[in-house]
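Undergrad: build the 3D model from these lines:
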Amino acid sequence: MVVLRILAIALVPIGAMVIFGVLIFLSEFSFGLFTASALIALLPVPFLVFWFIWLDRFDPAWWEYQAFAFGWGACVATSISLGVNTLGGLVFASVGVPEVWVAVWVAPVIEEITKGLAPLLLFLLWRREVVGLADAVMYAGLSATGFAMTENILYLGRVYVSGEQLQGPLGAVVGVATLIVVRLGLTGFIHPLFTSMTGFGIGMAARTGKVVLRWLYPVIGLVLAMALHGVWNFTAILAQQNQDVRFLGYLYFMLTLPILFGFVVLAFWARSAPGRVVRRVLPEYVRAGWLSPPELGTLVTLRRRLWARRWAREVAGQEGARAMRAYQSACTRLALLREGRLRGVGDWEPADPEHRLLDEIRACQQTFTGRDSTVPAAWWDGLRYLVTYPDGQQHPVVPRQPFAMPVPVRPWYPWQMPQYAFASHPPGITIGHGRPAVPGSWSAPPGSPPPVGYSSPFGAGSAPAQYPWYAVPPPGYVAVPGAQPPPPSSPGPPPSGPSPSGDGDGPTSSDREQPGV
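TA: The predicted structure follows:
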């Protein structure tokens, strides 16, 4: 695996040298023409890169992986495609087929395969970096954006050279200006749009546990990308041969733009998908005491996440903001991991990533826990808050809604790792607007005992509709209204409150290793 990763990374500078050599030594490019073409080709790149990175804001990727995807498309995919297309032109000419048809039968195939290799390699070699639709689409779009940039450099330079030879400097400038309007303006999104189909297929494969579908989804996405690319090139050739741009106009307005609109809608849906998974899965960890309801409330939308980071910066400075950002990313990955297990998807690393993520969450919590001097010391036991009042007494407090800002609490003791096997969807949790996020039911794992001796704070077996988790406690959890649940390993009252540094109290790694945890 390590060797394959090193090889994949090494191919990027090798591809860059190949492209640079082709431009300078084989395409009659002067250094000035190369520089001017590169600067022009860069014009749409920032907008496309920003768009695709923006799609993955719930779980932002490291810039190194984003740079790899962009570099792969700009260097490796372009150099391989250039070689195969050139060879295809020679083969077509040898059998009497016009070379122009390479753009229909060869280019769409090799270009979409090589561009799609970027998200596929990240999925296979860096599995934890592609865990959903947004990840795969982002990497596919970045790869295609890099490919389009290098291809535009080639086209701009060639158009200028051929225009200068045929019509002089003025003709060269007119040709370049036309190409800028058409390729960079009107159709600058074409390559990213096509390759995003492959990205959607890889993203779907990352979220399914069925082996057949894990192979089928990427193939379907790749075939769709090839078909769209081939149809686009075929229409462009017809328009050029018949000297009638209406062919291309019809395709542009009747097919390409509707597909682009559909892609944008689907991309927005994929962008918010991690929030829906968080809303659906993380209530398990609220019931188990790892998270408090307000913390969950701050994770379900990007706006609330921004508010939480601002709050963390106010109470703990830049360190708090960084910790909150890492905390949000870890919670998102924890939710995606948990949902993947429910779907039958294997973990993305051999070690137990759930415990690692929970340790990371706890470490981040300690950075901003107890730092807000305007909030009394509070503990969350998976059921209620235990709030220390000014008189020093602790009282249980039922959480209220809406859950908008994080209460600086840390679990006193995480009673157990969530072990629910859901019959349909996890129980919903009401977060704003007075409605549950996802209605559903749960069933205990096979062989586990039913809840015994449970007493709800609202009366035996009952709970208001807005607090569905009260009615269904963790298996074996006994709670008495007004009582403080003792930790299994160390009887006694809980600490009076979390310290600003988080040292000396709260759950430890040894606590989570107790039997039944």
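
Undergrad: hey, let's count contacts and neighbours off CA atoms from now on
TA: Will do.

Undergrad: packing partners for the helix or strand hosting A177?
TA: Following DSSP states H and E, one finds A177 within helix 133-179. Helices and strands touching helix 133-179, by 3 or more Cα pairs under 8 Å, 6 or more residues apart in numbering; DSSP states H and E, are helix 31-41, helix 45-54, helix 63-71, helix 78-94, helix 107-125, helix 190-206, helix 257-281.

Undergrad: for the last one, name the packing helices and strands.
TA: The reference is to helix 257-281. helix 133-179, helix 302-343.

Undergrad: which of those is buried the deepest?
TA: For these, the largest average neighbour count (mean count of other Cα atoms under 10 Å) is found in helix 133-179, namely a mean of 23.

Undergrad: what mean pLDDT does it get?
TA: Mean pLDDT, helix 133-179: 89.

Undergrad: stretch 57-70 now?
TA: 91.

Undergrad: likewise for stretch 202-218?
TA: 90.

Undergrad: same check on stretch 392-407?
TA: 59.

Undergrad: measure L306 to Q328 for me?
TA: 10 Å (Cα to Cα, to the nearest Å).

Undergrad: brain fart, V277
TA: Where Q328 is concerned, V277 sits at a distance of 13 Å (Cα to Cα).

Undergrad: which residue is the nearest non-sequential neighbour of R309?
TA: Using Cα to Cα, 6 or more residues apart in numbering and skipping the chain neighbours, the partner closest in space to R309 is A321 (5.2 Å).

Undergrad: can you tell me the closest non-neighbouring residue to D59?
TA: Of all residues not flanking D59 in the chain, S329 sits nearest, at 5.3 Å (Cα to Cα, 6+ apart).

Undergrad: residue contacts, the one you found?
TA: Listed by Cα atoms under 8 Å, 6 or more residues apart in numbering, the contact partners of S329 are 58-60.

Undergrad: residue contacts, A206?
TA: Counting by Cα under 8 Å, 6+ apart, A206 has contacts 123, 130-133, 214, 345.

Undergrad: pLDDT below threshold where in the protein?
TA: 26-27, 372-376, 379-383, 399-517 (pLDDT under 70).

Undergrad: quick check, central residue of it?
TA: When Cα atoms, centre = their mean is applied to the chain, the residue found nearest the centroid is D135 (3.6 Å).

Undergrad: distance of it relative to H191?
TA: Applying Cα to Cα to D135 and H191 gives a distance of 18 Å.

Undergrad: one more: I220?
TA: For I220, the distance to H191 - Cα to Cα - is 17 Å.

Undergrad: the more surrounded of the two?
TA: H191 (23 against 16; other Cα atoms under 10 Å).

Undergrad: so that one makes contact with M149?
TA: No: checked against Cα atoms under 8 Å, the pair H191 and M149 is beyond contact range at 9.9 Å.

Undergrad: are we agreed that R362 is in a helix?
TA: Yes: according to DSSP: H, G, I helix; E, B strand; the rest coil, R362 belongs to a helix.

Undergrad: quick check: closest non-adjacent residue to the residue nearest to the centre of the chain.
TA: D56 (6.2 Å).

Undergrad: check which helix or strand the one you found maps to.
TA: Counting by DSSP H and E, D56 is part of no helix or strand.

Undergrad: ok, it to G141 distance?
TA: For D56, the distance to G141 - Cα to Cα - is 12 Å.

Undergrad: can you tell me the SS state at the residue nearest to L23 when sequence neighbours are not counted?
TA: Nearest-residue entry for L23: F29, 5.8 Å, with adjacent residues in sequence omitted and distances by Cα to Cα, 6+ apart. Of the three states, F29 takes coil under three-state DSSP.

Undergrad: right, I'll call it a day here.
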